[in-house]
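Visitor: Got a predicted model here, sequence first, then my questions.
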Amino acid sequence: MIPNVVRKAKRFVNGLLAPEVTSALPNIAGEALFDTDFGFAFSFECPGGERPLLGIEFDLLIEKIEHGAKPDAQLLLPYLCAEILENRIEANYRLAQACFKSDNLTDAKTFIDRTWRLCGGRPIFLPLLLKINSATGHIEAIRSAYKTLGMTAAGQGEIESAIAYFDLWHYAAMTYAREDRYEIDADIIAAIDRLAAPFRSAQAAATARSGKIRVGYYLRGVVELNSVLLKISHVLINLHDKEQFEIVAIVPETVEEVRRSPQGLEHVERLKASGCEVLCNSFVELPKGHVVESLTGLARQIEQANLDILVTSASLVDFSTCFITALKPAPKLLGLVQGPPGQFSHPQLDWSIAWSKHPLMDSPCNSTLVELKMTGKPPEVTSPASKQDLLVPENARVLMSSGRFAKFQDRQQWQAISEMLVENDNLYYVVVGTLAEQILDFESMVAPAVRERVKFLGWRTDFHRLVALADVLLDTYPSGGGQVIVEAMAQGIPVVAHRNDFLKEFAQTSWSPVEDFVRDDELLVRRGDFEALKAIVRKLLSDDAAWQRASASCKNSMAGADPLDGLRQCEAVYKMVAGR
């Protein structure tokens, strides 16, 4: 699935480009990025009036290349060395197009990359560039192109265009390679800051009408299905000491957008029931969007809320949120680092709170570690799941994992799972949160004889019911889980996982917070040691005493956990940041 932020940016970019410019890419994660064919004529301009045509000879060379002929450098040099720049641009573009049509991807990439450099990054050439670099796996070239267009738009003061291109840059690895790979780019952060500067108000310190500290939570996920970030926000807001803090829940979506979402109104009612104010974006959406007016209007609403601190749950998750952060609508800005620094750690935050050590290590802002334990008790299960819900026989042993599709792409992990299934013909592997078609090369990674014992349940809201039927929860690899681990351990399900490597730079694609939760060395293996991983799972499935010991260890680790302890640490940080 392409993230919602990418869909919005894609729709906007489609609106920027004329219909004859946009291109129908092959489906990427189930969706096409552009909408029509890329075979179109250009209107070139050059100094001194009309340019000379490349000529019929060039047209014949192009036709031969389209039918499989290898480009001949000697024949092409007169066109590639043309004096007029626009001629060279067109020659390279048409060669890229012809090579791509004949499946000559190596030369196609050379020609489209040169086209892009020579033209200085014109949107008209973007569709073919995306198509060729997607086919060749050159994600960095795609990211570079999006950044170029975003920086150009930012330099021209086109805020909405810049945000759209930067969002596409941000999620290019996820969109094209299904990788959770994000980074903090100083150029882009500075560009957003410059765009925000004219709209930034002089923010006076909050006037505490009650003597309490006013904290606003800028909430991510109100209109999303089963958002983990919002689950955490609900816990924090509900447990706050209302004698010392006044809480304002800030919803970046409008009331109409909240009502259209499956869970939006339910979330808003829960927030109100917790005793906090709820502030939805008051902007009335017009036919063409008016993103800038919506964002600056929301910033004015936040300023009028008279906050001491604005807490963002994901300050860099998209560049609309980054723009709000850059507007500095509260005296102090604090971020919750709940994942990769590239999505959560805006460099201009006054302070941040990280739930895990490794993201904190690489966050470019002041940060305090708070090991927030969301639950120490198993959730109430009103309707227990059955083996039928897992699509497995009643007597089956169940190895389970859960997460988004990006966490299930590693070949070594799949091969280890395949080998475990081959060894034990009563073992089934149940994947929650992902579908089979979202796994690249699934059939090449799992032995044909055991594929039927891999069950994909897709995205679910009742994981706590399903995990109770697992014999072992296998952490995802190389990107591990968080709340999934906690929910399994709380129900006494043994968790087996790879340790984290803290000496490497943080990478969302290769890390795990498992050691924040699992303290049992017998359930953890050195990172990448799949033989040890299989040995632990084998022992837990065959030795009842070993399983009972591991189950008790996991359950006991969660028994004393209480999110209130973590919240009190957060409140101490809030007081420090607010100067109280």
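Guide: On my side now, so go ahead. Numbering: from 1, shown residues only.

Visitor: CA only for contacts and neighbour counts going forward, please
Guide: Will do.

Visitor: got any ranges where the stretch 451-580 of the chain has weak pLDDT?
Guide: Counting by pLDDT under 70, the stretch 451-580 of the chain shows no low-confidence range.

Visitor: What ranges does it have for its strands?
Guide: Using DSSP state E, counting those that start in this stretch, the strands of the stretch 451-580 of the chain run over 454-458, 472-474, 495-498, 524-525.

Visitor: what do you get for the chain?
Guide: In the chain, the strands defined using DSSP state E lie at 213-218, 245-254, 277-281, 309-312, 332-337, 351-354, 367-369, 397-402, 427-432, 454-458, 472-474, 495-498, 524-525.

Visitor: List the contacts of the residue nearest in space to the middle of the chain.
Guide: What sits nearest the mean C-alpha location of the chain, by CA atoms, centre = their mean, is Asp180, with 5.9 Å. By CA atoms under 8 Å, 6 or more residues apart in numbering, Asp180 lies in contact with 173-174, 406, 508-509.

Visitor: of all the strands of the stretch 451-580 of the chain, which lies closest to Glu57?
Guide: Counting by CA to CA, Glu57 lies closest to strand 454-458 out of the strands of the stretch 451-580 of the chain; the figure is 54.8 Å.

Visitor: The closest one pairs with which strands, parallel or anti?
Guide: Strands that pair with strand 454-458, judged by DSSP bridges, come out as strand 427-432 (parallel).

Visitor: Render the CA-only coordinates of the partner strand in CSV, please.
Guide: What follows is strand 427-432 as a C-alpha-only set of coordinates in CSV (Å, rounded to 0.1, in the frame of the first residue of the first chain):
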residue,chain,number,x,y,z
LEU,A,427,3.8,-26.1,12.0
TYR,A,428,2.1,-23.2,10.4
TYR,A,429,3.4,-19.7,9.9
VAL,A,430,0.7,-17.0,10.4
VAL,A,431,1.4,-13.4,9.1
VAL,A,432,-0.8,-10.7,10.5
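
Visitor: Taking their axis directions, it and strand 397-402 sit at what angle?
Guide: Orientation check (axes from the mean of the first three to the mean of the last three CA atoms, to 10 degrees): strand 427-432 against strand 397-402 gives 20 degrees.

Visitor: how about low-confidence regions in the stretch 51-200 of the chain?
Guide: Judged by pLDDT under 70, the stretch 51-200 of the chain has its weakly predicted residues at 51-53.

Visitor: how close does the residue nearest to Asp471 when sequence neighbours are not counted sit to Arg453?
Guide: Nearest residue to Asp471 in three dimensions, chain neighbours excluded: Val398, at 5.2 Å (CA to CA, 6 or more residues apart in numbering). Val398 is 10 Å from Arg453, where distance means CA to CA, to the nearest Å.

Visitor: Find the residues that touch each one of the two.
Guide: With CA under 8 Å, 6+ apart as the test, Val398 and Arg453 both reach 427-429.

Visitor: who wins for most neighbours among those residues?
Guide: Greatest neighbour count in the shared contacts of Val398 and Arg453, by other CA atoms under 10 Å, goes to Tyr429: 28 neighbours.

Visitor: how much space between that residue and Val486?
Guide: Counting by CA to CA, the gap from Tyr429 to Val486 is 20 Å.

Visitor: so who does Arg404 touch?
Guide: Arg404 neighbours (CA under 8 Å, 6+ apart): 433-434.

Visitor: sorry, back to before: out of the shared contacts of Val398 and Arg453, which one sits closest to Ile237?
Guide: So of these, ranked by how close each gets to Ile237 (CA to CA), first place is Tyr429, at 36.9 Å.

Visitor: any idea how far that closest one lies from Lys555?
Guide: 22 Å.

Visitor: Would you reformat the strands of the chain as CSV and include distance to Ile89?
Guide: Listed next are the strands of the chain as CSV, based on distance: least, CA to CA, whole Å:
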stretch, distance to Ile89
strand 213-218, 46
strand 245-254, 43
strand 277-281, 45
strand 309-312, 45
strand 332-337, 45
strand 351-354, 47
strand 367-369, 49
strand 397-402, 48
strand 427-432, 49
strand 454-458, 46
strand 472-474, 52
strand 495-498, 50
strand 524-525, 54
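
Visitor: Can you say which of those is nearest to Ile536?
Guide: Nearest to Ile536, of those and by CA to CA, is strand 495-498 at 7.5 Å.

Visitor: Who are the packing partners of the closest one?
Guide: strand 472-474, helix 483-490, strand 524-525, helix 530-542 (3 or more CA pairs under 8 Å, 6 or more residues apart in numbering; DSSP states H and E).
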